[in-house]
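Engineer: Here is the input, now give the coordinates:
(2 chains)
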Amino acid sequence: MGAGQVMIKKFSDSGGLNIAVMIIGFTAFAYLASVNKVTDFIIFCIYVLGFDLLYGRMGRISFGHMLYLGAGAYGAAMSAKYLTPDPFLAILMGIACGATVGVLLGPIVVRTKGAAFALINVAFNQIGYFLVLVALARYTGGEDGVSLKFSTYGFLNFGNVHFLFVFCLCSLLLVYYVMQRLKRSAFGALLAGIKENEIRVRFLGYNTLVYKWIAFIMSTSISAFAGTLFTLNYGFTNPSFIDPARNVEVIFAALIGGPGTELGPVVGGTAYMVISNYLARYITRWELFLGLALLIIAFRFRKGVMGSIQDLMAKRAQKT
Amino acid sequence: MLLSVEGIDAHYGSAQVLHNVTIKVKEGELVCIVGRNGAGKTTLLKSVAGFLHPSRGSILFDNEPMQALKPEKVALRGIKYVWQDKRVFVDLTVRENMELAAYPAKADLDESLERLFSISRKMRTQLNSKAKGLSGGERQILLIGRALVGNPRLLLIDEPTEGLAAKVIDDISRILIEMKGRVSMIVVEQNLAIVSQLADRIYLMKEGNVLEEITERNLILDQDYIESLL
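Structural biologist: Next up is the predicted model:
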């Protein structure tokens, strides 16, 4: 292997190649299509990364992740409406809201697994939806939601689509980098161990409840971060950001991309958003094709796009 | 006495699996549990490991009661379990498997790896390979190496040679003999030739009861005698 090839391999192994692909891909896509729309895609990818930390890395599928996205969206909106329109404080408040929900619900949620884990999340999601829509409607605007205007600081203007695009892309790269570091850490190995066989991990001396809780809080915080960015991008928040009926979106995206793979959440998130945004222009009932695609994935490519590519590459490497 | 299991009963749901079981393990001793399938050997190990809490009786480790402890607390007291089915964490590398064991035991990873390599030199070359690529024997060696992380005081080893080739069984036996005296062990084993080779003391189990305790060397070596009791 030559020096150039070694450098490329090191760059690729460090995740640098994936980061470069994301920067080039999203930037090109934004200027070919619509900056606004691609910003939306990027934010959704951050949300999928948060979801995949539980699903892909720890083997726990949540059917109620919209709750954590909504906690971020409403946390940011309430901060901007009732405290100060500072966008940075709104982001911090949104993340804090998501983390707080994770801290409070975690001890109950992470005790479960399988169907119970999936359903307990959707149950809490329903409660959150009811709170936003009815019980706290006086503050949240109920069905209408709240419109917001954020402060600007020179070029730090979240009303400017180009600034917002760059900010969201940098956020995605940061979250992606943190996830890669986590995967390669002892904590990542521990989560993989829990996914494979939690009982065995306990026999090594770990109180797995604590580690599952930490992962859960990280996941809710990242999802909440995506929620705050959606609020900044749209300039409003309404109950659709916490609607339990939309939980399938993130599950579909994670499945398409490949759960637990490095680039899977980004590939799946982008693919899902492209299908739902562009296919809908030409085909009224585009969901039918999404369903068919999922059937193919379920029967033929269970590891999703990136998982299947990884398998293919591993087979080729074995042959050579 | 390092471990003293006194008159325990254990149940799976409403079915009683252990009946008034008593066993003892001294420091540095290798105790073999022998019995047919369904005799309650694995259940006994699971009870000691905290996976199954006995409904009656006591388990004392270093004179401390531990029958109500959770598995993670039992592990932190220095009791490690080597499972029967040889399932390592297949999606992790050999190093990551060892790393996972080193952290809670506050053990030095390099030292733990050196000990693993001293058991099997081949592991050095497989350090960064996923454990899914290991053979059955190699997995068993990795499991033993992982259990030795942090210098445990008692190893619970469930059917270490089951399903392995003759050559690998010899290797595993050699490893267990080399470990004798340095760490106490309870080994569940059906292969009486290996039992005779390893054991300082034997407990014969049948239908959830301890039938007999054998400590005399000439009886331990007498496979026909042990077979006749099963």
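
Engineer: which residues are in contact with the lengthiest helix in chain B?
Structural biologist: The residue-count maximum for a helix in chain B (DSSP state H) belongs to helix B:166-179. Helix B:166-179 is contacted from outside by B:30, B:119-120, B:135-137, B:140-141, B:144, B:148, B:155, B:157, B:160-161, B:164, B:185, B:187, B:191, B:194, B:197-198, using C-beta atoms under 8 Å, 6 or more residues apart in numbering or on different chains. Heads up, the C-betas are built off the backbone N, CA and C, glycines and all.

Engineer: center of chain B - which residue?
Structural biologist: Residue closest to the mean C-alpha point of chain B, counted by C-alpha atoms, centre = their mean, is B:Ile157 at 1.6 Å.

Engineer: is chain A contacted by the helix or strand harbouring that one?
Structural biologist: Here B:Ile157 sits within strand B:154-158, counting by DSSP states H and E. No. Contact of strand B:154-158 with chain A is not found when judged by C-beta under 8 Å from any C-beta of the partner chain; the minimum separation is 9.6 Å.

Engineer: What are the boundaries of the strands in chain A?
Structural biologist: Per DSSP state E, chain A carries strands over the ranges A:146-147, A:236-237.

Engineer: To chain B, which of those lies closest?
Structural biologist: With C-beta to the nearest C-beta as the measure, strand A:236-237 is the member of the strands of chain A nearest chain B (39.1 Å).

Engineer: Alongside chain A, which residues does chain B contribute?
Structural biologist: Residues of chain B that fall close to chain A, judged by C-beta under 8 Å from any C-beta: B:49, B:51, B:70-72, B:75-76, B:80-81, B:83, B:87, B:89-92, B:96, B:99-101, B:103-105, B:146.

Engineer: B:Val5 looks like it's in a strand, true?
Structural biologist: Yes. B:Val5: assigned to a strand according to DSSP: H, G, I helix; E, B strand; the rest coil.

Engineer: quick one: contacts for the residue lying closest to it once chain neighbours are set aside?
Structural biologist: Excluding its sequence neighbours, the residue lying closest to B:Val5 (C-beta to C-beta, 6 or more residues apart in numbering or on different chains) is B:Ile23, at 4.8 Å. By C-beta under 8 Å, 6+ apart, B:Ile23 lies in contact with B:Leu3, B:Val5, B:Val31, B:Ile33, B:Leu44, B:Ile186, B:Tyr203, B:Val210, B:Glu213.

Engineer: List only buried entries from the residues of chain B next to chain A.
Structural biologist: Neighbour counting by 16 or more other C-beta atoms under 10 Å in any protein chain shown classes B:49, B:51, B:71-72, B:75-76, B:80-81, B:83, B:89, B:92, B:96, B:99-101, B:103-105, B:146 among those as buried.

Engineer: So which of those are in helices?
Structural biologist: Among those, the members falling in helices (DSSP H) are B:Ala49, B:Pro71, B:Glu72, B:Ala75, B:Leu76, B:Glu96, B:Glu99, B:Leu100, B:Ala101, B:Arg146.

Engineer: Pick out the most distant pair among these.
Structural biologist: Largest separation among these by C-beta to C-beta: B:Ala49 and B:Glu96, giving 22.8 Å.

Engineer: roughly how far apart are B:Tyr12 and chain A?
Structural biologist: From B:Tyr12 across to chain A, the span is 15 Å (C-beta to the nearest C-beta, to the nearest Å).

Engineer: Can you report phi and psi for B:Ser58?
Structural biologist: When read as degrees, to the nearest 10, the backbone of B:Ser58 gives phi -140, psi 150.

Engineer: I figured it hits B:Val48, correct?
Structural biologist: No. Contact criterion C-beta atoms under 8 Å: B:Ser58 and B:Val48 do not qualify, at 11.6 Å.

Engineer: which neighbours do these two share?
Structural biologist: Residues touching both B:Ser58 and B:Val48 (C-beta under 8 Å, 6+ apart): B:Val5.

Engineer: Now for the residue nearest to the spatial centre of chain A: which residues touch it?
Structural biologist: With distances taken as C-alpha atoms, centre = their mean, A:Tyr47 lies nearest the centre of chain A, 1.8 Å away. A:Tyr47 is in contact with A:His65, A:Leu69, A:Ile222, A:Ser223, A:Ala226, A:Gly227, A:Val250, A:Gly269, counting by C-beta under 8 Å, 6+ apart.

Engineer: For it, which non-adjacent residue is closest in space?
Structural biologist: According to C-beta to C-beta, 6+ apart, the nearest residue to A:Tyr47 is A:Ala226 (3.7 Å).

Engineer: With B:Gly145 instead?
Structural biologist: Once flanking residues are discounted, B:Gly145 sits nearest to B:Leu116: 3.5 Å by C-beta to C-beta, 6+ apart.

Engineer: Now do the one you found against A:Ala118, distance only.
Structural biologist: 38 Å (C-beta to C-beta, to the nearest Å).

Engineer: Among these two, which residue is more densely surrounded?
Structural biologist: B:Leu116 (24 against 19; other C-beta atoms under 10 Å in any protein chain shown).

Engineer: Output the contacting helices and strands for the longest helix along chain A.
Structural biologist: In chain A, taking DSSP H as the definition, the longest helix is helix A:208-234. In this structure, helix A:208-234 packs against helix A:35-52, helix A:66-78, helix A:87-109, helix A:161-183, helix A:186-203, with contacts taken as 3 or more C-beta pairs under 8 Å, 6 or more residues apart in numbering or on different chains; DSSP states H and E.

Engineer: Report the closest residue of chain A relative to chain B.
Structural biologist: Using C-beta to the nearest C-beta, A:Gly205 is the residue of chain A that sits closest to chain B, at 3.4 Å.

Engineer: give the contact list for that residue.
Structural biologist: Here A:Gly205 is in contact with B:Glu72, B:Ala75, B:Leu76, B:Pro104, B:Ala105 (C-beta under 8 Å, 6+ apart).

Engineer: Pull stretch A:83-98 out as CSV, backbone CA atoms only.
Structural biologist: Extracted in CSV, the C-alpha atoms of stretch A:83-98 (Å, rounded to 0.1, in the frame of the first residue of the first chain):
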residue,chain,number,x,y,z
LEU,A,83,-38.1,34.7,28.1
THR,A,84,-36.0,36.3,25.3
PRO,A,85,-36.0,35.9,21.5
ASP,A,86,-32.3,35.0,21.7
PRO,A,87,-31.9,32.0,19.3
PHE,A,88,-28.8,30.6,21.1
LEU,A,89,-30.6,30.6,24.4
ALA,A,90,-33.6,28.9,22.6
ILE,A,91,-31.3,26.1,21.4
LEU,A,92,-29.9,25.6,24.9
MET,A,93,-33.4,25.6,26.4
GLY,A,94,-34.7,23.2,23.8
ILE,A,95,-31.8,20.8,24.5
ALA,A,96,-32.2,21.2,28.2
CYS,A,97,-35.9,20.3,27.8
GLY,A,98,-35.1,17.2,25.9
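
Engineer: what mean pLDDT would you report for it?
Structural biologist: Stretch A:83-98 comes out with an average pLDDT of 95.

Engineer: Ok, stretch B:79-95 next?
Structural biologist: pLDDT averaged over stretch B:79-95 gives 87.

Engineer: Do me a favour and get the end-to-end distance for it?
Structural biologist: 22 Å (C-alpha to C-alpha, to the nearest Å).
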